[in-house]
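[1] mind looking at a prediction? Sequence and model below.
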Amino acid sequence: MSADLTGGMTLPGPDISAGSRVRFGLFEADLVQGTLSRQGTRLRLQVQPFRILALLLQQPGEIVTREQCRQALWPEGTHVNFDGSLNAALKKLRAALQDEAENPRFIETVPRQGYRFLVPIQTINDAVASVQEGRIARLGNGDQSIEVRLHLPPDIAQGFTTPPDWDPERAERTQKRFDLMLLSIAILFGSWLLFFIVYPVPHPSMQHMARITNAGRIDEWGGIVSDGTRIFFLERTDGRWNLMQTSVEGGNAEKMATPFENTRLFAISPDHSQFLIGQFAGRDEEMPLWLWPVQGGEPRRLGQAVGADPSWSPDGTQIVFVRGQSLYTIHRDGTQNRQLAHVEGHPRSPAWSPDGGSIRFTLDLGEFGTQSIWEMTPEGNGLHAILSKTDHPSRQSAGNWTADGKYFLFSGCEGYDCNLWGIRNAWNWFRRSHHEPFPLTSGPDSLHVTIPAQMGSRIFAFSFRSHRELGKIDPQTQRTSTLNLDTSIAQASFSPDDEMVVYSDRPDDSLWRSRINGEARIPLTIAPLHGSYARWSRNGKQILFTGARQNQPRNIYVISPDGGSLHPVLPGGWEASEADWSPDGYRIVVSMRNQKAQSDYGLYTLEPTTGTLKELPGSKGLMEPRWSPDGRYIAAIDEAKRRLLLYDMQNSSWAQLASGGLLESLHWTHDGSAIYFQDQIDEQESIFRASVASRKAERVFGFGELLRGSAAQCYFTGLDRAGSFYVMIERGTTDIYSLDLDLP
């Protein structure tokens with residue numbers, strides 16, 4: 001043991017003559033090649049800083065004077081700014097070692113003397129790594145510090161050194177391969193991201209559209225079903241429905257022999273062995289459900305299931321159907337009939353996804369509400385709308401999946417114009433895909449779509465085009481005259497003096513008033529307020545109507561025939577269907593409900609000026625109220641539109657006047673002795689007259705001749721003072737088209 005000039009105590013340093021490489025910490029210096037590396041990665045270090053490092057490594061733990069550094073860096077006789085150059089070289093060396101002069105880890109500055117290397121080193125030769133470890137302990141500071149260097153035997157030093165079989169060149173090659181792999185991954189990811197953003201999945205498009213039928217008398221309510229080679233649909237003739245079939249490529253339609261007089265075909269089982277049918281007497285009704293063998297034979301009741309719009313599950317074991325405001329499932333053998341979900345509104349057209357994981361259906365909130373598509377699990381959980389209220393189109397219905405489940409196609413309507421829309425369900429991880437709704441068609445016909453699952457990218461849709469004429473028919477002479485009004489009229493109401501008419505106009509359902517010859521036409525409302533069921537007061541000085549704004553409850557409004565401000569009359573929290581004036585014009589009778597407390601509509605009398613409200617007893621579920629001219633009676637029809645009822649204001653009692661299939665358009669005679677109405681599913685869409693005294697109804701006029709001609713439908717809209725009928729004649733055709741789609 002010997003003392004140095006600083007008073008420290010040292011032990012002999014390691015001998016590095018046995019190898020050209022020296023390792024310290026994470027660094028390795030090759031004294032022959034003049035290179036410095038860190039964990040196998042070569043560092044850039046100039047010659048002079050490396051010479052200083054080599055000099056320090058030769059004497060670890062000992063002071064290397066500045067004079068020794070000068071002799072190692074510059075030969076005798078070299079003229080240079082020694083202090084500045086040495087300081088610059090040391091600064092570069094410390095930077096390469098990530099060291100600091102103020103807080104040294106590797107190189108310590110000994111004031112006024114030189115520099116000292118602080119950490120242990122190990123020498124490496126090509127055969128065996130000989131470890132001679134120097135551990136340094138420093139006590140005190142300044143000139144009184146003591147330094148002790150300990151030489152540890154190899155078995156102890158092994159815990160402080162890298163294993164002797166570690167190969168830095170192999171590590172360097174591994175690092176390079178790893179860096180190359182990371183670079184390749186980065187290039188691949190960047191290429192994918194560029195392709196994902198710049199080249200998205202193209203929008204689907206319609207490639208071809210062809211007309212399949214030429215009947216013109218097809219009832220869209222019957223839907224379309226296909227087995228892959230044929231399509232099946234309903235055609236209405238002379239007051240009854242015929243089940244028809246034709247080829248998917250078009251041709252003559254043939255009537256099918258059916259087990260019931262009126263048979264609706266809903267679906268075909270996935271194995272093509274069973275038709276799912278219903279037996280009905282009138283349109284838009286719930287009916288007993290049956291299974292009917294495709295090859296013929298007797299149908300079999302589907303348990304006790306009664307409902308509408310049944311649909312098969314993909315595996316053919318379950319059937320989902322609608323009953324009231326609920327959706328149900330039932331096993332194909334008629335067992336396990338259970339409720340899935342109850343909704344606020346009327347569910348329609350449920351459809352099972354191809355993977356069986358979800359059920360989507362149309363939720364109809366009524367004539368003035370919205371139609372939207374909702375989704376739930378087959379267990380009835382997770383009920384939600386698939387589009388937000390701000391998405392277009394504003395009304396969605398009649399949806400179904402394509403065969404592969406990638407797209408969901410549906411009818412989207414804005415006003416009275418309906419087109420085919422779609423939503424992409426499947427994700428594409430290689431290309432960006434659009435998941436917002438997109439239109440596939442754009443007029444001129446309105447399209448209502450149904451998608452047979454077996455047809456892949458081919459779908460079938462109803463196409464309807466029409467125009468309307470407002471006219472007058474004398475029931476005695478059968479003479480028809482046409483009023484010169486707009487062909488886009490939806491509903492009309494005539495003033496008591498037969499001089500003026502107020503009507504709602506398609507496509508925005510705005511209200512207009514004009515003379516019956518079309519002159520003096522002025523708007524009473526503008527969008528987004530939709531107006532309907534307009535009624536003139538008995539003195540012709542006021543008009544009330546049902547007004548609706550999207551996503552808001554319907555209200556009853558009063559307005560002058562000359563226009564001006566609108567006056568809502570319902571109290572807060574109530575929603576109305578339609579209303580009529582009392583004979584004196586001070587009260588109205590209105591079909592409405594309290595949104596928070598009632599699910600069914602009822603009839604109420606209301607004084608708009610005072611807000612006095614009174615419910616008519618026994619009126620739950622009644623609609624289309626009409627007050628008699630003498631004020632004694634109020635006529636109404638039930639929610640199913642099967643019965644015409646009469647309420648006697650004097651003795652507070654109800655009586656049935658008539659019954660039928662689909663009753664609409666009630667109009668009192670001017671003397672109040674009878675009320676006229678129309679049965680829309682009568683074979684001639686006839687007008688009937690019900691006598692108050694006799695409580696009997698008789699047919700007074702049928703539209704059979706018009707319907708056998710070019711008329712698609714006829715609507716009774718009122719009586720004039722002479723007893724002639726105001727009618728609206730819709731001329732148009734409904735046919736089935738095939739659409740071939742490109743669905744990328």
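    Thanks, I have it. Numbering: from 1, shown residues only.
[2] what about the stretch 201-350 of the chain, any weak spots by pLDDT?
    Under the criterion pLDDT under 70, the flagged ranges of the stretch 201-350 of the chain are 215-216, 238-239, 284.
[3] what ranges in the stretch 401-550 of the chain fall below the confidence cut-off?
    Along the stretch 401-550 of the chain, the model assigns pLDDT under 70 to residues 415-416, 426-433, 443-445, 449-456, 486-487.
[4] excluding its backbone neighbours, what's nearest residue 629?
    Nearest non-adjacent residue to residue 629, counting by CB to CB, 6 or more residues apart in numbering: residue 672, 4.2 Å away. Yep, even glycine has a C-beta here, placed from its N, CA and C like the rest.
[5] contacts only, for the one you found.
    Contacts here follow CB atoms under 8 Å, 6 or more residues apart in numbering; on that basis residue 672 touches 628-630, 632-633, 692.
[6] again, but for residue 338
    Going by CB under 8 Å, 6+ apart, residue 338 touches 328-330.
[7] of these, which belong to strands?
    328-330 (DSSP state E).
[8] by neighbours, which of the contacts of residue 338 wins?
    residue 329 (24 neighbours; other CB atoms under 10 Å).
[9] tell me the bridge partners for that one.
    With DSSP bridges as the criterion, residue 329 is bridged to residue 320, residue 338.
[10] redo the ones in strands among the contacts of residue 338 as CSV? Include distance to residue 465.
    Below are those laid out as CSV (distance: CB to CB, whole Å):
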residue, distance to residue 465
328, 37
329, 38
330, 39
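[11] list just the nearest of those to residue 503.
    Nearest to residue 503, judged by CB to CB, of these is residue 328 at 41.0 Å.
[12] would you confirm that that closest one contacts residue 339?
    Yes - with contact defined as CB atoms under 8 Å, residue 328 reaches residue 339; the gap is 5.4 Å.
[13] overlap in contacts, these two.
    Common contact partners of residue 328 and residue 339 (CB under 8 Å, 6+ apart): none.
[14] quick revisit: of the contacts of residue 672, which belong to strands?
    Judged by DSSP E, the subset of the contacts of residue 672 located in strands is residue 633.
[15] give me the buried entries from the contacts of residue 672.
    The neighbour-count test (16 or more other CB atoms under 10 Å) marks 628, 632-633, 692 as buried among the contacts of residue 672.
[16] which of the residues you listed sit farthest apart?
    Greatest spatial distance among the buried ones among the contacts of residue 672 (CB to CB): 632 and 692, at 8.9 Å.
[17] so residue 84, which of the three states?
    helix (DSSP: H, G, I helix; E, B strand; the rest coil).
[18] that one - how many residues pack around it?
    Neighbours around residue 84, by other CB under 10 Å: 9.
[19] which residues make contact with stretch 292-300 from outside it?
    The contact list for stretch 292-300, computed with CB under 8 Å, 6+ apart, reads 227, 259, 268, 272-277, 290-291.
[20] from these, list just the buried residues.
    Taking 16+ other CB under 10 Å as the criterion, what is buried in the contacts of stretch 292-300 is 227, 268, 274-277, 290-291.
[21] of those, which belong to strands?
    Counting by DSSP E, those contribute 268, 274-277, 290-291 to strands.
[22] circling back to that earlier point, what is the nearest of the ones in strands among the contacts of residue 338 to residue 685?
    Within the ones in strands among the contacts of residue 338, the smallest distance to residue 685 is 33.3 Å, found for residue 328 (CB to CB).
[23] check contacts around that closest one.
    Residues in contact with residue 328, defined by CB under 8 Å, 6+ apart, are 305, 307, 320-322, 337-340.
[24] and if we set it to 7 Å?
    Contacts for residue 328 (CB atoms under 7 Å, 6 or more residues apart in numbering) come out as 307, 321, 337-340.
[25] emit the PyMOL select command for whichever of the residues you listed are buried.
    The PyMOL selection below is limited to those of the contacts of residue 328 classed as buried (16+ other CB under 10 Å):
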select buried, resi 307+321+337+340
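[26] pick out the most distant pair among the contacts of residue 328.
    Spatial extent of those (CB to CB) is set by the pair 307 and 338 at 12.9 Å.
[27] measure stretch 615-635 end to end?
    With CA to CA, to the nearest Å as the measure, stretch 615-635 spans 15 Å from end to end.
[28] let me fix that: stretch 244-263
    Terminal residues of stretch 244-263 lie 10 Å apart, using CA to CA.
[29] tell me, how many neighbours does the residue nearest to residue 643 when sequence neighbours are not counted end up with?
    Sequence neighbours aside, residue 659 is the residue nearest to residue 643 in space, at 5.1 Å (criterion: CB to CB, 6+ apart). By the criterion of other CB under 10 Å, residue 659 has 14 neighbours.
[30] residue 659 contacts residue 642, correct?
    Yes - the pair residue 659 / residue 642 is scored as a contact, 5.9 Å apart, by CB atoms under 7 Å.
[31] for the protein, longest helix please?
    Longest helix in the chain by number of residues (criterion: DSSP state H): helix 168-198.
[32] and the helix or strand just after it, what's buried?
    Counting by DSSP states H and E, the next helix or strand C-terminal to helix 168-198 is strand 205-211. The neighbour-count check on strand 205-211 (16+ other CB under 10 Å) flags residue 209 as buried.
[33] strand 205-211 pairs with which strands, and in what direction?
    Strand 205-211 pairs in its sheet with strand 725-742 (antiparallel), by DSSP bridges.
[34] quick one: mean pLDDT for the partner strand?
    Mean per-residue pLDDT for strand 725-742: 85.
[35] what about dumping the CA coordinates of that strand to PDB?
    Only the C-alpha atoms of strand 725-742 are listed here, as PDB (Å, rounded to 0.1, in the frame of the first residue of the first chain):
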ATOM      1  CA  PHE A 725    -119.600  14.300 -53.200                       C
ATOM      2  CA  TYR A 726    -116.200  15.900 -53.100                       C
ATOM      3  CA  VAL A 727    -113.700  13.200 -54.100                       C
ATOM      4  CA  MET A 728    -110.000  12.900 -54.500                       C
ATOM      5  CA  ILE A 729    -108.900  10.500 -57.200                       C
ATOM      6  CA  GLU A 730    -105.400   9.100 -57.200                       C
ATOM      7  CA  ARG A 731    -104.200   7.900 -60.500                       C
ATOM      8  CA  GLY A 732    -101.100   5.800 -60.600                       C
ATOM      9  CA  THR A 733     -99.600   2.400 -60.600                       C
ATOM     10  CA  THR A 734     -97.600   0.200 -58.200                       C
ATOM     11  CA  ASP A 735     -95.200  -2.400 -59.700                       C
ATOM     12  CA  ILE A 736     -92.200  -4.400 -58.600                       C
ATOM     13  CA  TYR A 737     -88.700  -3.700 -59.800                       C
ATOM     14  CA  SER A 738     -85.500  -5.700 -59.400                       C
ATOM     15  CA  LEU A 739     -82.400  -3.700 -58.600                       C
ATOM     16  CA  ASP A 740     -78.900  -5.100 -59.000                       C
ATOM     17  CA  LEU A 741     -76.500  -3.500 -56.600                       C
ATOM     18  CA  ASP A 742     -72.700  -3.200 -56.400                       C
END
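[36] buried ones in stretch 247-261, by neighbour count?
    Buried residues in stretch 247-261, counting neighbours by 16+ other CB under 10 Å, are found at 248, 250, 253, 258, 260.
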